[in-house]
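Trainee: next input, structure requested:
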Amino acid sequence: MVNLVETSLTAEPLLSLAVNVTSEHRVDSVLQSIVQGLASQPGVALARIWLVPPAGLCSSCHSRTESPDQTQYLHLVASAGTPINSPSEDWSFLQGHFHRIALNSGKVGQVAGSRSSIHIKDFAPRNDWVSRPEWSERESIRSFAGHPLIFRGQLLGVLGVFSRSILDEKEFSWLGLFANQASVAIANARAFEEVESLRRQLESENAYLQEKVQQGFEFGEILGKSSGLQQVLQQIQMVASTDTTVLITGESGTGKELVARAIHERSERHERALITVNCASIPRELFESEFFGHMKGAFTGAVRDRIGRFQLADNGTIFLDEVGEIPFELQSKLLRVLQEGTLERVGDDKVRRVNVRVLAATNRELYEEVEVGRFRKDLYYRLCVFPIRMPPLRERSEDIHLLAEHFAQLASQRLKLPRAVLTDPGIEQLTAYSWPGNVRELQNVIERSVIVSQGGPLRVDLVLAPCGLKDHTKWNPGTARTYVLPKREMERRERENIVKALESAHGKIYGTDGAAAILGMKPTTLASRMKKMKVRKS
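Mentor: Numbering: from 1, shown residues only. Alright, predicted model coming up:
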């Protein structure tokens, strides 16, 4: 036992501490200032703060199963004190036995549950409120003061002070007044952090939107009257008003991003930004930082805190383009966000909850990727809740005229060239082409035509021929006016072309000398078409 000392929890030191605390703008700084300031007062052994975690999250025990509703528990967030008979103990440690306390459990839980203060004037010799009598005796603890932290009727948490000398009623009362000031400081710091977070998010959204405006949207609105496109528009109308996850499939250049944008603009989230992430362009080592953000100093080059794309899309929509390109070992991290709606920034242990609608797109056959072990089955089913297939342009031949007119007008305006005229022969030539690059290729062809035509009729023949040198396009400018290949003939010729490529590659699909490379397509796409056409390697 040690000699007891008098406490000095009077108005003057507590008022000075309150002034210092209110000058802090970060919650962590406020909490540390409170407990360290109290622990430095004569006679005070230990000062602690337990809080009800905002949004029901705790970085240390959010996954605990005792109670799905974490708001029914207090969580230790700040602790400071000086042990005298246990020098090896660290009283600033937060993950001990009293890290998590249920409301109405023990003296701290009773303070929170009843929203009223508890004053234990003297523990000696024994007291029912003492959870660890051996600790109290060893450290000469005599008194306890527990005050609820309440701001505008909302319970924030509990302030607890353990003293080695007896706290009288006056000192207990001064602590109660200080607890009221501490509640205001904590609430203000939370509000300041929230404002700062919103400001940074708005800055990021603004920068993102400006980048989008500078880039320009590739295709404008979805144009066309073909039956395949009308079916897509009907699906957009059905799913837009829900929060269902959508997987948009289709070949490159078909306009999958336009579908995602149309869904977002017709949803209840349309007032927030649609955040687009090209998964194929993100380096493997930066995947977590790009998606979830990072803290300053988390890795070399992290000179400041950064908001990830998922947090940027909070309460909005995120579009994961080319989702099939995400490396397999990183797919589980994306799955957690989709399943639980929580994430952690790189270098931070704070769990953040996000409310994001997910739209994804791929030009791969994802289920085939699942079968060969390159894509997680659970992630596939999480993404493919409502699939939408964007048809290739060769299945939308009746839309080519409308799209070509639209692109010609846009190109003339952007390039400040005279409006070119699309003639019937030009339309026939465009319709006869198989468009392996789909709508994106059509846009490029029309732009080149506008440049070479210089205000006259669109000279499609001058710019389309160089694009049709590959065997699989099967375009003949001499017969385009009168001859259009039917679908069955196109499929027959495509099958024949695949067989020739396989023969040339001796049955090899993958690699630089494989059939896929010869045909200029991805090996998975070739394998999918071979399966569909019942073509064997042999």
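
Trainee: hey, let's count contacts and neighbours off CA atoms from now on
Mentor: Noted.

Trainee: which helix or strand lies directly C-terminal to the helix or strand encompassing Q311?
Mentor: Using DSSP states H and E, the element containing Q311 is helix 309-312. With elements assigned by DSSP H and E, the helix or strand that comes after helix 309-312 is strand 317-321.

Trainee: strands paired with that next one, and their directions?
Mentor: strand 274-278 (parallel), strand 357-362 (parallel) (DSSP bridges).

Trainee: want to try TSV for those, with mean neighbour count, distance to L330 and mean pLDDT as columns?
Mentor: Below are the strands paired with strand 317-321 laid out as TSV (neighbours: other C-alpha atoms under 10 Å; distance: least, C-alpha to C-alpha, whole Å; pLDDT from 0 to 100):
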stretch	mean neighbour count	distance to L330	mean pLDDT
strand 274-278	19	15	90
strand 357-362	24	16	95
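
Trainee: closest to S227 out of the ones you listed?
Mentor: Closest approach to S227 among the strands paired with strand 317-321 (C-alpha to C-alpha): strand 357-362, 21.4 Å.

Trainee: which strands and helices sit next to the next helix or strand after the closest one?
Mentor: Proceeding N to C from strand 357-362, the next assigned helix or strand is helix 366-371, under DSSP H and E. Packing contacts for helix 366-371, counted by 3 or more C-alpha pairs under 8 Å, 6 or more residues apart in numbering; DSSP states H and E, involve helix 377-383, helix 523-533.

Trainee: nearest to R419, out of the ones you listed?
Mentor: Closest to R419 of those, according to C-alpha to C-alpha: helix 523-533, at 38.6 Å.

Trainee: the stretch 351-500 of the chain: strands as residue ranges?
Mentor: Assigned by DSSP state E, counting those that start in this stretch, the stretch 351-500 of the chain shows strands spanning 352-353, 357-362, 386-389.

Trainee: centre-most residue in the protein?
Mentor: F310 (1.7 Å; C-alpha atoms, centre = their mean).

Trainee: coming back round to it: of all the strands paired with strand 317-321, which lies closest to A47?
Mentor: strand 357-362 (42.8 Å).

Trainee: ok so, going back, can I get the strands paired with strand 317-321 in a markdown table including distance to R396?
Mentor: Compiled in a markdown table, the strands paired with strand 317-321 are given as follows (distance: least, C-alpha to C-alpha, whole Å):
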| stretch | distance to R396 |
| --- | --- |
| strand 274-278 | 26 |
| strand 357-362 | 20 |
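
Trainee: looking at the ones you listed, which is closest to I518?
Mentor: strand 357-362 (22.4 Å).

Trainee: determine how far the closest one lies from the middle of the whole chain.
Mentor: 12 Å (C-alpha atoms, centre = their mean, to the nearest Å).

Trainee: coming back round to it: so what's the residue nearest to the centre of the chain up against?
Mentor: F291, F292, I318, V354, V356 (C-alpha atoms under 8 Å, 6 or more residues apart in numbering).

Trainee: so the second one sits right up against L312, yeah?
Mentor: No: between F292 and L312 no contact is recorded; they are 9.2 Å apart, counting by C-alpha atoms under 8 Å.

Trainee: mind checking which of those two has more residues around it?
Mentor: Remark: of F292 and L312, L312 carries more neighbours, 28 against 23, as counted by other C-alpha atoms under 10 Å.

Trainee: the residue nearest to R336 when sequence neighbours are not counted pairs with what?
Mentor: Closest residue in space to R336, ignoring its immediate chain neighbours: T342 at 7.1 Å, by C-alpha to C-alpha, 6 or more residues apart in numbering. T342 forms beta bridges with R353, as assigned by DSSP bridges.

Trainee: quick one, the longest helix belonging to the chain and strand 274-278 angle?
Mentor: For the chain, the helix with the greatest residue count under DSSP state H is helix 169-215. Orientation check (axes from the mean of the first three to the mean of the last three C-alpha atoms, to 10 degrees): helix 169-215 against strand 274-278 gives 70 degrees.

Trainee: now for helix 169-215, which elements pack on it?
Mentor: By 3+ C-alpha pairs under 8 Å, 6+ apart, helix 169-215 packs against helix 11-22, helix 27-39, strand 143-151, helix 309-312.

Trainee: count of neighbours near the spatially closest residue to A411 that is not a sequence neighbour?
Mentor: Of all residues beyond its chain neighbours, the one nearest A411 is E447 (5.6 Å), with distances taken as C-alpha to C-alpha, 6+ apart. When counting by other C-alpha under 10 Å, one arrives at 23 neighbours for E447.

Trainee: do the same with N188
Mentor: 19.

Trainee: can you tell me how far it sits from F178?
Mentor: N188 is 15 Å from F178, where distance means C-alpha to C-alpha, to the nearest Å.

Trainee: closest to R115 among the contacts of F310?
Mentor: V354 (30.4 Å).

Trainee: may I ask you to confirm that the closest one is in contact with G316?
Mentor: No: with contact defined as C-alpha under 8 Å, V354 does not count as touching G316 (9.6 Å).

Trainee: who has more neighbours out of those two?
Mentor: Taking other C-alpha under 10 Å, V354 and G316 do not tie; G316 has more neighbours (23 against 19).

Trainee: dump the residue contacts of V535.
Mentor: So V535 contacts R495, V499 (C-alpha under 8 Å, 6+ apart).

Trainee: please read the previous query as pertaining to A187.
Mentor: Per C-alpha under 8 Å, 6+ apart, neighbours of A187: F151.

Trainee: so for E251, what's the pLDDT?
Mentor: We have a pLDDT of 92 for E251.
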